[in-house]
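Undergrad: build me a structure from this.
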Amino acid sequence: MKTTIFIIVFMTITYFSISETSAFDLINDINYHNVRDYGAKGNGVTDDTLAIRKTLDSIKNNGIVFFPAGKYIINGQININGRKGIKFVGINGGSIITTTKAEKDDSRSAFLYFNRSDNCGIYDITFDESAVVNPPTSRAWVADIWAISCENFIVKNCHFIETVSSGITITSGKHCLIDGVTAKGVRGFGYSDIDPVALDGNFISVNGLFANPSGDRGGNIVTNCRIDAYSELTSFHWYDFASNASGGAGIWHDNNCGILTEPLGTDKPDAPNNIVSNNYIAHFGWGGYTENPGGRLGGRQIFDNNIVFECYIGYEIQNTAQNVIISDNYFENLAGDGIYSHSLDNINIADNVFHNIGIHKAANGYVPAVYAIYGISDIKGQSNFKVSGNIILIDKRNNKYGNLLSRPLGIKIRSSAGITGKNIIIQGNIFNLAGSPYDVSTFEGTLLVEGNIRDMIISDNIISNSCGPSVVLTSSPGGNTVDSPERVTISNNHFTNNNIGPGYRAAVVIKNDTRNVTIDGNNVSGNENHLNFLEVRDNADMIYCHRNFFENVKNAYSWMSSGTKFIWDDLIGSNIIIFRNGNTQPDVGMGNEFKTGNTNATSIKNFSNGREGQVINITFGDSNTTIISNQKIRLKGSGKFRGNKYDQISLFYDGSVWMERSRSINH
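TA: Residues are numbered from 1 along each chain as shown. Here you go, the predicted structure:
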């Protein structure tokens with residue numbers, strides 16, 4: 001059987017040029033206005049809201065609002081509506097905007113509010129909300145900086161301390177840049193010292209929540225930012241690893257991300273070509289999140305060269321996002337999935353490192369580094385999904401919290417009942433899963449494929465030190481006959497040093513109506529407790545094996561399926577297959593090296609499934625086995641050979657008769 005997969009990923013990214021103007025260049029602008037000249041004190045005591053508004057009122061368009069070093073109190077909202085080219089500029093680390101209100105009231109939405117204000121920006125200003133003890137429980141307060149329908153909007157080298165709700169929200173932005181931003185402490189809506197339950201807290205949001213009529217939003221960049229949600233003020237972060245360490249499921253707060261991109265509006269494709277790159281993101285529910293709230297195809301998103309640390313999920317893509325590249329990121333100590341994706345098209349996950357993914361004991365079991373679901377029935381063409389060149393490493397109890405998950409997975413691909421996923425490549429990844437520290441009775445496989453998956457290639461991967469099967473192909477939970485994988489090629493993989501638990505006894509497990517599978521050129525070595533290289537169960541059918549190499553595998557395959565077609569061709573290797581009790585015509589079709597393992601007297605009268613020209617070598621592992629000379633077996637000398645432990649015999653098959661070549665008496 002031959003499987004051909006065509007994957008074409010169209011990734012047209014529109015780049016744009018934003019001037020890298022420094023704060024010192026900006027204050028030399030001819031339309032420069034110092035807030036001190038308009039009455040601002042910057043002493044951390046006086047409310048400077050009115051003075052800052054007065055400064056802004058002196059500028060119609062294209063001017064600089066400059067904050068000398070100091071602490072400026074804003075207890076109201078500064079509105080920049082419809083103006084163009086307004087820049088707020090401070091001294092990096094010295095110019096601080098803060099509030100003296102212990103509670104953020106719902107009468108304002110942001111410190112700085114921009115609406116249809118193109119070519120505006122904020123440079124080198126610190127936003128400090130340490131004084132806010134009880135944030136509002138509604139979403140009226142959106143962010144410290146909120147920009148709606150703005151083009152060429154820039155936030156550069158700004159710093160955020162103990163942020164309540166969000167730091168930066170850009171709604172329907174086009175060609176916006178967030179660069180060099182830092183944050184320490186993101187507490188979210190609804191947080192209080194008394195009841196630390198946060199309702200929302202996306203620190204950076206770049207989205208198309210309000211669809212732009214022209215449908216041309218997008219081209220935004222978030223880069224070189226360092227954002228950490230952990231609050232030293234309250235010891236709060238978005239996933240409670242401490243409670244999890246005691247065996248619970250942990251506290252996961254919904255709706256909080258380090259960086260959120262929603263590529264679509266509510267009614268049309270919107271906000272494509274967003275780039276999230278070179279950021280450090282820590283202690284959020286999600287490191288990054290891309291969602292299409294309109295349920296329409298859209299995207300062209302890049303998430304690359306980021307570090308995501310101690311979050312619940314590293315990066316999530318939802319609702320038919322398409323043309324997404326996730327590459328060269330480093331994910332470490334995540335409580336849940338590394339990448340979680342749902343209903344996608346043209347997705348490339350490449351060259352990422354996943355270190356200690358799923359380090360809590362998940363109540364729902366599965367915690368893979370990469371989890372892809374195909375499951376929205378009204379969207380067609382969910383396809384072209386590639387995972388390549390990634391490293392997935394889980395240390396044996398060597399993470400900060402000492403936790404282990406119940407069902408570790410490298411990659412899980414699942415299709416919901418009645419939905420088809422197709423054209424999937426899993427290639428060139430390295431899996432090292434810590435040498436079986438898990439509950440092996442529930443382990444489901446390093447690479448688990450469930451459901452109606454068509455035209456899939458699994459090739460050139462290295463899977464080592466897991467505690468179960470390397471690859472499992474099965475139907476989706478609750479699925480039927482058509483909801484099983486079909487047309488799958490498993491080729492040129494290396495499965496080594498894996499320890500199989502009691503659930504399965506093979507490196508590759510195929511079951512539940514899976515069919516049309518080619519298994520070619522794989523290398524299996526150094527595995528413990530492997531009874532089989534391949535285990536076929538239930539109604540799986542049409543399995544083709546060719547040129548696989550085995551070492552220390554007791555049997556090449558186990559056929560436990562009601563299916564009718566299983567083909568093997570020239571399987572080679574140093575696998576030693578054991579002849580079991582009472583088998584008088586053992587199968588030799590799947591190898592060349594054999595060993596007897598009979599605890600009771602057994603007479604062998606023929607060998608089944610031999611191939612013309614085949615040579616078999618038998619080592620006696622007992623003193624209970626006798627080979628009988630007859631019309632099918634011709635021995636030299638006497639009519640039988642009863643070997644003792646360590647004796648050997650070699651036979652040649654001419655197509656009709658097995659003929660002894662040599663024997664060795666070694667006992």
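Undergrad: all helices of the stretch 301-450 of the chain, in order?
TA: For the stretch 301-450 of the chain, applying DSSP state H, counting those that start in this stretch gives no helices.
Undergrad: same thing with the stretch 1-150 of the chain?
TA: Ranges of helices in the stretch 1-150 of the chain, per DSSP H, counting those that start in this stretch, are 23-26, 49-57.
Undergrad: where among the ones you listed is average confidence lowest?
TA: Note on those: lowest mean pLDDT is at helix 23-26, with a mean of 52.
Undergrad: these two touch, right, Asn548 and Thr518?
TA: No - assessed by CB atoms under 8 Å, Asn548 is found out of contact with Thr518, at 10.9 Å. (Each C-beta comes from the backbone N, C-alpha and C, glycine too.)
Undergrad: now do the strands in the stretch 1-150 of the chain.
TA: 32-34, 43-47, 63-67, 70-73, 78-81, 86-90, 95-98, 112-115, 121-123, 126-128, 143-148 (DSSP state E, counting those that start in this stretch).
Undergrad: show residues contacting the fourth one.
TA: Residues lying outside strand 70-73 but in contact with it, judged by CB atoms under 8 Å, 6 or more residues apart in numbering, are 35, 40-49, 52, 94-100, 128.
Undergrad: strands paired with it, and their directions?
TA: Note on strand 70-73: by DSSP bridges, its sheet partners are strand 43-47 (parallel), strand 95-98 (parallel).
Undergrad: how about that strand as CSV, C-alpha atoms only?
TA: Provided in CSV are the C-alpha atoms of strand 70-73 (Å, rounded to 0.1, in the frame of the first residue of the first chain):
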residue,chain,number,x,y,z
GLY,A,70,8.5,61.6,38.7
LYS,A,71,5.4,59.8,40.0
TYR,A,72,2.2,61.1,38.3
ILE,A,73,-1.2,60.3,39.9
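Undergrad: now it: average pLDDT?
TA: Strand 70-73 comes out at a mean pLDDT of 96.
Undergrad: just the second one next, same as before
TA: Computed over strand 43-47, the mean pLDDT rounds to 94.
Undergrad: kindly report the same for the fifth one.
TA: Strand 78-81 shows a mean pLDDT of 92 in the predicted model.
Undergrad: sheet-wise, list the partners of that strand with their directions.
TA: Partners of strand 78-81 in its sheet, by DSSP bridges: strand 112-115 (parallel).
Undergrad: same question for the third one.
TA: In its sheet, strand 63-67 lies beside strand 32-34 (parallel), strand 86-90 (parallel), with partners assigned from DSSP bridges.
Undergrad: could you tell me the least trusted of those?
TA: Ranked by mean pLDDT, these bottom out at strand 32-34, which scores a mean of 92.
Undergrad: may I see the buried residues of that strand?
TA: Under the neighbour-count criterion of 16 or more other CB atoms under 10 Å, strand 32-34 has His33 buried.
Undergrad: neighbour-wise, which of Asn548 and Thr518 wins?
TA: Using other CB atoms under 10 Å, the more surrounded residue of Asn548 and Thr518 is Asn548, with 29 against 20.
Undergrad: from Phe533, how far out is the more buried one?
TA: 7 Å (CB to CB, to the nearest Å).
Undergrad: overlap in contacts of the two?
TA: Val524.
Undergrad: which residues touch Arg36?
TA: So Arg36 contacts 42, 68 (CB under 8 Å, 6+ apart).
Undergrad: repeat that with 6 Å
TA: Arg36 is in contact with Pro68, counting by CB atoms under 6 Å, 6 or more residues apart in numbering.
Undergrad: any chance you could map the helices in the stretch 451-600 of the chain?
TA: Counting by DSSP H, counting those that start in this stretch, one finds no helices in the stretch 451-600 of the chain.
Undergrad: where in the stretch 201-350 of the chain is pLDDT low?
TA: Along the stretch 201-350 of the chain, the model assigns pLDDT under 70 to residues 201-218, 232-272, 291-299, 319-321, 343-344.
Undergrad: er, the stretch 351-500 of the chain I mean
TA: Along the stretch 351-500 of the chain, segments meeting pLDDT under 70 span 359-368, 372-382, 396-409, 417, 434-444, 477-482, 499-500.
Undergrad: in it, which spans are strands?
TA: 353-357, 366-374, 383-388, 391-393, 407-415, 421-427, 430-432, 447-450, 453-459, 462-464, 471-474, 486-491, 494-496.
Undergrad: other residues contacting the third one?
TA: The contact list for strand 383-388 (CB under 6 Å, 6+ apart) reads 7, 9, 346-350, 370, 372, 422-428.
Undergrad: of these, buried ones?
TA: 7, 346-350, 370, 372, 422-428.
Undergrad: now the two most distant members of those.
TA: Lys422 and Gly428 (20.5 Å; CB to CB).
Undergrad: my read is that Thr55 contacts Tyr38, right?
TA: Yes - using CB atoms under 6 Å, Thr55 is in contact with Tyr38, at 4.3 Å.
Undergrad: and those two? Which one has more around it.
TA: Using other CB under 10 Å, the more surrounded residue of Thr55 and Tyr38 is Thr55, with 25 against 18.
Undergrad: residue contacts, that one?
TA: The contact partners of Thr55, by CB under 6 Å, 6+ apart, come to 33, 35, 38, 65.
Undergrad: where's the last one relative to Asn346, distance?
TA: Put plainly, it is Val65. Val65 is 43 Å from Asn346, by CB to CB.
Undergrad: do Phe66 as well
TA: Taking CB to CB, one finds Phe66 at 46 Å from Asn346.
Undergrad: ok so, going back, ok, which of the strands of the stretch 351-500 of the chain comes nearest Lys174?
TA: strand 383-388 (27.3 Å).
Undergrad: strands paired with that closest one, and their directions?
TA: By DSSP bridges, strand 383-388 pairs with strand 345-350 (parallel), strand 421-427 (parallel).
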